[in-house]
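A.B. asks: Sequence first, predicted model second:
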There are 2 protein chains.
Amino acid sequence: MEFNIIIADQNGKELYSENEIILRKALDKFNVLNDTEFSDFLSVCEYMEFAKKQYLLKSGNYNHGIYFVISGTVGLFELIDGKEMYQNFFLECEFANELKSLTTQTPSTKNLIALSDTTLFHLSRKELLELYEKSISFERLGRKLLEHILNAQNEISYVLQSLKPEERYSYLENKRPNLLNNIPLTYLASYLGLARETLSRIRAKR
Amino acid sequence: MEFNIIIADQNGKELYSENEIILRKALDKFNVLNDTEFSDFLSVCEYMEFAKKQYLLKSGNYNHGIYFVISGTVGLFELIDGKEMYQNFFLECEFANELKSLTTQTPSTKNLIALSDTTLFHLSRKELLELYEKSISFERLGRKLLEHILNAQNEISYVLQSLKPEERYSYLENKRPNLLNNIPLTYLASYLGLARETLSRIRAKR
DNA sequence: AACCGATTGTGATTTTGGTCACAGATTTTC
DNA sequence: GAAAATCTGTGACCAAAATCACAATCGGTT
């Protein structure tokens, strides 16, 4: 069961639903879009729902856009030697993406999957590119979003390169506690480049 | 000793030096800047030279821009438990960067160092931001460059997360052979998250 | 040419974390 | 609510890689 709070202007005209306000707040952190531009952005977003275990993107297919997670959890994984290696997790208010396929227009080697019942906005590649053409603001938003994603990616590379198993667990505890609560240990182990059993034993010691 | 070939227009007026043509070619891959915009870009680039072992950026300092490597090699490393952990290498025609400090304006935890005598163009943070304001083209260039960097970063994360030591070496052989030729094994070992001795033994077996 | 520092190779040893196996526990499904 | 599937915990064992130690080699400098 779910209610969408509707914000109205002085004339009682509906403005934004609750979901849209969540997106607005997330985008406002980048300090780029004004009201008009946000409306333009919103007008090309499609609201979608995925049940747990449904795929947003399957390997072999082309990536047709990016997702903004309103509620739920999305996982990004790649099948390597028959093992699901999770490369990222996207929680509420984050943009779920697989950029390699999106930017190079090659079939994706990776999968996006709903790890719980999930609601999200979808922005297609086509619409995204049109936004980029439309105004410098959307290019700027894209640029800043990428800077943000890249900094996060550098951090996880650092974890994999330099930290010992116990330190990797501490990293989760301190920097991404929400993952520890929401994601099965098995998936987290692959994310951290460890055997499931190793991570289980580390946790037992706490 | 070094010659710069000068390209001249019909009136014999100098256009671009050899170094500038190298930069032009690198930027043209992104298919964004026209002649005027490239000239604008160039006008805020400063030519610099660094001797081997000189620092382009020292940890603790603020990152004041990005570098385009004309010739030579630049390394990005972080001191962890007294060890130099190399996180990236930048060869000719690549943009050497440390984006965390650049984008968040916090003191850098990382170092940029010339691993050989190096010539490059420097673009200051201030000038970069002014370019971003100036035209959508520069935003677009930034966005595309970040997409490119991010795809590369995802790949190295994959290597660290999923590949065994021998496979990591193979990755270098196949995907980044220039590193194997130009960079000391010690540095490559840290880059791959391996002990120096392990990498040495792997190489001995080939 | 001789020196010094940096880099690499290699053996012996130790340790860590992976693998295997199986039992509980927890969720999902019908 | 029972069955099935998924997830987690834990012990025993093993293999791979880290560590330690030292020699050899390479590169640049005076």
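C.D. replies: Ah, there it is. Numbers count the residues shown, from 1 in each chain, chains lettered A, B, ... in the order given.

A.B. asks: Next secondary structure after the helix or strand containing residue A:38?
C.D. replies: Residue A:38 belongs to helix A:35-43 when assigned by DSSP states H and E. Remark: after helix A:35-43, the chain's next helix or strand is strand A:45-50, criterion DSSP H and E.

A.B. asks: Please see if that following strand touches DNA strand C.
C.D. replies: No - Strand A:45-50 stays clear of DNA strand C (C-beta under 7 Å from any atom of the strand), getting no nearer than 13.0 Å. (C-beta placed from N, C-alpha, C; glycine too.)

A.B. asks: Give the rounded mean pLDDT of the longest helix along chain A.
C.D. replies: Longest helix in chain A, counting residues (DSSP state H): helix A:136-162. Summarised as a single mean, pLDDT over helix A:136-162 is 98.

A.B. asks: now stretch A:96-104
C.D. replies: The predicted model assigns stretch A:96-104 a mean pLDDT of 96.

A.B. asks: Run through who's touching it.
C.D. replies: A:56-57, A:62-63, A:65-69, A:74, A:76, A:90, A:106-110, A:112, A:120, A:125, A:149, B:147, B:150-151, B:154 (C-beta atoms under 8 Å, 6 or more residues apart in numbering or on different chains).

A.B. asks: If we ignore the residues flanking it in sequence, what's nearest residue A:42?
C.D. replies: Nearest in space to residue A:42, with sequence neighbours left out and distances taken as C-beta to C-beta, 6 or more residues apart in numbering or on different chains, is residue A:20 at 6.0 Å.

A.B. asks: How about the residues of chain A by DNA strand D?
C.D. replies: So chain A meets DNA strand D at A:184, A:185, A:186, A:187, A:196, A:197, A:200, A:201, A:203, A:204 (C-beta under 7 Å from any atom of the strand).

A.B. asks: coming back round to it: tell me what angle the helix holding residue A:38 forms with helix A:136-162.
C.D. replies: 60 degrees (axes from the mean of the first three to the mean of the last three C-alpha atoms, to 10 degrees).

A.B. asks: For helix A:35-43, list every residue counted as buried.
C.D. replies: A:37, A:38, A:40, A:41, A:42 (16 or more other C-beta atoms under 10 Å in any protein chain shown).

A.B. asks: those helices in chain A, which residues are they?
C.D. replies: Going by DSSP H, chain A shows helices at A:18-28, A:35-43, A:99-104, A:125-134, A:136-162, A:165-175, A:177-182, A:185-191, A:196-204.

A.B. asks: Which among these is found nearest to DNA strand C?
C.D. replies: helix A:196-204 (3.2 Å; C-beta to the nearest atom of the strand).

A.B. asks: buried residues in the closest one?
C.D. replies: For helix A:196-204, by 16+ other C-beta under 10 Å, it's A:198, A:199, A:202.

A.B. asks: try stretch A:51-63
C.D. replies: Buried, per 16+ other C-beta under 10 Å, within stretch A:51-63: A:56, A:57, A:59, A:63.

A.B. asks: got it, and stretch A:108-117?
C.D. replies: Going by 16+ other C-beta under 10 Å, stretch A:108-117 has these buried residues: A:108, A:110, A:111, A:112, A:113, A:114, A:115.

A.B. asks: quick one: contacts for residue A:45?
C.D. replies: Contact analysis of residue A:45 by C-beta under 8 Å, 6+ apart lists A:23, A:68, A:121, A:122, A:123.

A.B. asks: Need the per-residue pLDDT for it.
C.D. replies: So, for residue A:45, pLDDT stands at 97.

A.B. asks: Distance check, it against DNA strand C.
C.D. replies: Residue A:45 sits at a distance of 28 Å from DNA strand C (criterion: C-beta to the nearest atom of the strand, to the nearest Å).

A.B. asks: Tell me the bridge partners for that residue.
C.D. replies: Here residue A:45 shows beta-bridge partners residue A:123, assigned using DSSP bridges.

A.B. asks: what about chain A, any weak spots by pLDDT?
C.D. replies: Where chain A drops to pLDDT under 70, the residues are A:1-14.

A.B. asks: where does it come near DNA strand C, residue by residue?
C.D. replies: Counting by C-beta under 7 Å from any atom of the strand, chain A sits next to DNA strand C at A:52, A:53, A:164, A:165, A:166, A:193, A:194, A:195, A:197, A:198.

A.B. asks: let's see 10 Å
C.D. replies: Taking C-beta under 10 Å from any atom of the strand as the contact definition, chain A meets DNA strand C at A:51-53, A:81, A:83, A:115-117, A:163-168, A:184, A:189, A:192-202.

A.B. asks: Which positions within stretch A:128-141 qualify as buried?
C.D. replies: A:128, A:131, A:132, A:135, A:136, A:137, A:138, A:139, A:140, A:141.

A.B. asks: I figured the second one was touching residue A:138, is that so?
C.D. replies: Yes - because the distance of 4.0 Å satisfies C-beta atoms under 8 Å, residue A:131 is recorded as touching residue A:138.

A.B. asks: and for the two, which residues touch both?
C.D. replies: The contact lists of residue A:131 and residue A:138 share residue A:41, where a contact means C-beta under 8 Å, 6+ apart.

A.B. asks: Farthest pair within the buried residues of stretch A:128-141?
C.D. replies: Spatial extent of the buried residues of stretch A:128-141 (C-beta to C-beta) is set by the pair A:128 and A:136 at 15.0 Å.

A.B. asks: Please list all residues in contact with residue A:61.
C.D. replies: A:107, A:108.

A.B. asks: next one: phi and psi at it?
C.D. replies: phi -90, psi 160 (degrees, to the nearest 10).
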